[in-house]
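Peer 1: okay, sequence plus prediction incoming.
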Amino acid sequence: MIGTCQLCRKSKILRESHIIPNFVFKWLKDTSATGYLRPGSNPNKRSQDGVKQYLLCDDCEQLFGNWENKFKNSIFLPLSHGKANKFSYSSWLLKFAVSISWRVLASCFKQDLSRFSTIHLDKANKALEVWREFLLDKRPHPDKYQQHILPMDLIENHNDPNMPTNINSYILRSVDMDVVWFKKRAFVYSKMCRVIILGFIDEDRPNYWEGTKIHVHKGIVGETLRYRIPENFIAYLKDRTNKVRSSLEGISEKQWDRIEQTYSKDMDRAMASETLKATYQDVKMFGDKAFVKNNSKKK
Ligand SMILES: [Zn+2]
């Protein structure tokens with residue numbers, strides 16, 4: 001397919017690019033109980049990988065690929081396998097984060113603009129352009145359109161009566177993306193299993209975020225034991241978690257049978273899987289309530 005590459009804006013053959021990089025889906029599949037993925041948006045359908053769009057030419061895709069590899073090997077895999085929780089980085093992390101926020105926002109622009117007001121669209125367009133220039137080395141940093149990273153961990157204790165009962169499954173096993181607007185706060189949200197990346201579109205109180213900002217040249221992820229994040233962001237995370245649960249409740253009887261059959265074909269795989277570990281943690285905290293299938297059947 002020939003078209004205009006959204007990054008370099010040259011007319012070229014376009015590649016079908018993953019919005020969230022493919023290695024994330026590969027890892028999810030490799031460590032799943034069944035070897036298949038079911039997208040949150042349509043859990044009745046098995047899928048092999050995530051959302052793809054014709055966004056980039058070969059050269060730009062390769063540029064992104066270099067940062068993706070760095071991120072995969074230096075942070076994503078060690079964190080996902082519980083081998084490390086502190087990571088030093090150099091300039092590649094900010095490039096990677098911007099490339100993710102840029103892709104998610106650009107793909108969202110291609111799909112559905114109706115939920116944004118003109119003021120929002122204007123701000124989002126500015127962020128998109130600043131990020132594009134930063135990716136092409138036309139500016140030294142992304143200015144106020146900062147990138148933040150949150151490495152997530154299991155929740156073992158909590159005193160929140162409204163904590164979603166699938167919280168650990170969501171934290172450890174979900175891929176999610178969104179463009180979010182609160183009153184005075186807007187950001188691109190990209191979740192790749194245990195790593196959340198935020199790209200600020202509009203934030204008048206950046207000091208409400210502590211320990212999460214990605215620096216231009218170098219830094220350490222996971223250095224601070226205490227992070228500070230705004231309360232409405234925590235509420236947003238719970239909301240996303242509940243959404244995944246509702247969509248799981250929409251899995252048909254036939255598909256549950258299919259999942260069970262796949263489980264029983266390779267019990268060893270299922271028992272050793274990361275899927276089971278995440279579910280185990282939810283069950284430990286919430287008991288039977290953590291089981292989506294049984295609960296939806298009782299209704
Ligand atoms: Zn290009």
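Peer 2: That came in fine, so what should we check first? Residues are numbered from 1 along each chain as shown.
Peer 1: what about E253, how many residues nearby?
Peer 2: Using other CB atoms under 10 Å, the number of residues around E253 comes to 10. Where you see a C-beta, it was placed from the backbone N, CA and C, and this is true even at glycine.
Peer 1: how close does it get to the ion?
Peer 2: Counting by CB to the ion, to the nearest Å, the separation of E253 from the ion is 46 Å.
Peer 1: so what's that residue up against?
Peer 2: By CB atoms under 8 Å, 6 or more residues apart in numbering, the contact list for E253 is empty.
Peer 1: show the pLDDT at L37.
Peer 2: L37 is assigned a predicted lDDT (pLDDT) of 64.
Peer 1: just the one 5 residues further on next, same as before
Peer 2: In the predicted model, N42 carries a pLDDT score of 59.
Peer 1: same thing with N73?
Peer 2: On pLDDT, N73 comes in at 97.
Peer 1: where do the strands sit along the protein?
Peer 2: Chain-ordered strands for the chain, with DSSP state E as the definition, fall at 2-4, 11-18, 52-57, 87-89, 147-151, 175-181, 185-192, 195-203, 219-221.
Peer 1: can you measure across stretch 146-163, start residue to end residue?
Peer 2: Start-to-end span of stretch 146-163 (CA to CA, to the nearest Å) is 29 Å.
Peer 1: can you give the contact residues for that stretch?
Peer 2: When contacts are defined by CB under 8 Å, 6+ apart, stretch 146-163 is touched by residues 75, 79, 85, 93-94, 97-98, 101, 167-168, 171-172, 194-200, 203, 206, 209, 212-214, 221-222, 227, 229, 238, 281, 285.
Peer 1: would you confirm that K95 contacts N69?
Peer 2: No: between K95 and N69 no contact is recorded; they are 12.0 Å apart, counting by CB atoms under 8 Å.
Peer 1: which residues does T31 contact?
Peer 2: Going by CB under 8 Å, 6+ apart, T31 touches 80, 273-275.
Peer 1: report pLDDT for it.
Peer 2: Here the pLDDT value assigned to T31 is 87.
Peer 1: for N295, same thing?
Peer 2: According to the model, N295 scores 54 on pLDDT.
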